[in-house]
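Asker: with the input below, show me the fold.
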Amino acid sequence: MFRLSAEPERWIRVTARVFAPEATVNLLFLMRKVEMARELALEENPKVSMAVVVEIPDPLWSEVGVALVVLTAASAVTPEEFRRECRTRLANYKVPKQIVVLDEVPRLEVGKVDRNGLRALARERFAPEDS
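Answerer: I've put the predicted structure just below:
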């Protein structure tokens, strides 16, 4: 059984109850709302097979989002088209400031998305020199 509840401001709480013969275990996952909303808005585009949003430092806004997307086969979309579509679904501050198209998303040995690696890639490409 899963239950979603909103946490203060930027978090979504996902609670799962797992029944085992010995005991009942409650698992708790916290996800940042802003990143999840951005990723879902990008993935609603039929030309996108996967989207990941990471934050990078910004001198004006403290942090800004960078979207890293994998397109479906034979798709060609410009970053401005992605931003225009995001603006119809997201508040202006949630629209990723940069969009990078990747061939594939790097994963860890266990199959999870390597968010630290993607964050490093985004910082390498877009972070200001003095940060």
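Asker: hey, let's count contacts and neighbours off CA atoms from now on
Answerer: Will do.
Asker: any low-confidence regions in this structure?
Answerer: Per-residue confidence of the chain (counting by pLDDT under 70) places the weak regions at 1-35, 127-131.
Asker: now with 80?
Answerer: For the chain, the stretches flagged by pLDDT under 80 are 1-38, 73-77, 127-131.
Asker: show me the strands in it, by range?
Answerer: The residue ranges that make up the strands of the chain, judged by DSSP state E, are 2-6, 11-19, 24-32, 48-58, 62-71, 98-102.
Asker: okay, buried residues for stretch 37-53 please.
Answerer: 37-43, 47-48, 50-53 (16 or more other CA atoms under 10 Å).
Asker: equivalent analysis for stretch 82-95, please.
Answerer: Applying a neighbour-count criterion of 16+ other CA under 10 Å, one finds 82-83, 85-87, 89-90, 94-95 buried in stretch 82-95.
Asker: before we move on, what about stretch 113-121?
Answerer: Residues of stretch 113-121 classed as buried by neighbour count (16+ other CA under 10 Å): 115, 118-119, 121.
Asker: which two in the buried residues of stretch 37-53 are spaced the farthest apart?
Answerer: Across the buried residues of stretch 37-53, the two members that end up farthest from each other (CA to CA) are Ala37 and Lys47, 17.7 Å apart.
Asker: what sits against the nearest residue to Val53 once chain neighbours are set aside?
Answerer: Sequence neighbours aside, Ala67 is the residue nearest to Val53 in space, at 4.4 Å (criterion: CA to CA, 6 or more residues apart in numbering). Ala67 is in contact with 39, 51-54, 96-100, counting by CA atoms under 8 Å, 6 or more residues apart in numbering.
Asker: from Val101, how far off is Ala67?
Answerer: 8 Å (CA to CA, to the nearest Å).
Asker: what of Arg87?
Answerer: For Arg87, the distance to Val101 under the criterion CA to CA works out to 19 Å.
Asker: wait, what's in contact with Glu63?
Answerer: Contacts for Glu63 (CA under 8 Å, 6+ apart) come out as 55-57.
Asker: tell me how many other residues surround Arg125.
Answerer: Applying other CA atoms under 10 Å, we find 11 other residues in the vicinity of Arg125.
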